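Engineer: When you get a sec, could you give me coordinates for this:
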Amino acid sequence: MIQKNGVVECRRVFCPPANCSDNMLPVHVDGTCCKTCRPQCAYLGQTFSEGQRFLSRTCKECKNGLMVKVTETCPEINCTIGEQILPEGRCCNVCRGYDFCAEGLICGENSECKNRNTKAECECKIGYASIHGDSTYCE
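Structural biologist: Next up is the predicted model:
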């Protein structure tokens, strides 16, 4: 989207491949259309992108290429332990059936947000295929 003379104008944007270096990952950043390269962290044999979290004995978050301890308390949730799930890349449980799409994942005009077991994902609408293997943008 481009703002021109106070009017928002929508037009198709072609995103070039991110071509990230070895210590970076292509990720969607709020406010941008195309993926940008962000630092990645390696921790316990897994790869995390900037801002992703991981729960081991403590909660850790990827910041500037390093896993750092997160000091925040989880909100209370109203379901039994058996009904709780740990969302992908997070440190606080949610109740099964949680609406991840309500958190505002932005999908392109030809894709829509779908709730999965532990996260939200964009999925191409019927008749559309993903661009560059990414279902955020479909044509």
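Engineer: switch to C-alpha atoms for all contacts and neighbour counts from now on
Structural biologist: Will do.
Engineer: Which residues does stretch 20-28 contact?
Structural biologist: Stretch 20-28 is contacted by residues 18-19, 34-41, 49, 65 when judged by C-alpha atoms under 8 Å, 6 or more residues apart in numbering.
Engineer: what do you get if the cut-off is 7 Å, keeping everything else the same?
Structural biologist: Identification of contacts with stretch 20-28 by C-alpha atoms under 7 Å, 6 or more residues apart in numbering yields 18, 34-40, 49.
Engineer: now those residues: which count as buried?
Structural biologist: 34-40, 49 (16 or more other C-alpha atoms under 10 Å).
Engineer: and the two most separated of those residues?
Structural biologist: Maximum pairwise distance among the buried ones among the contacts of stretch 20-28 (C-alpha to C-alpha): 17.8 Å, between 34 and 40.
Engineer: coming back round to it: out of the buried ones among the contacts of stretch 20-28, which are inside helices?
Structural biologist: Using DSSP state H, no member of the buried ones among the contacts of stretch 20-28 falls within helices.
Engineer: show me where the protein has strands.
Structural biologist: For the chain, applying DSSP state E gives strands covering 2-4, 7-9, 24-27, 36-43, 46-49, 53-55, 59-63, 66-69, 84-85, 94-95, 111-115, 120-124, 130-131, 134-138.
Engineer: where among these is the average confidence lowest?
Structural biologist: Comparing mean pLDDT across the strands of the chain, the weakest is strand 2-4, with a mean of 53.
Engineer: Buried ones in stretch 89-101, by neighbour count?
Structural biologist: 89-96, 98-101.
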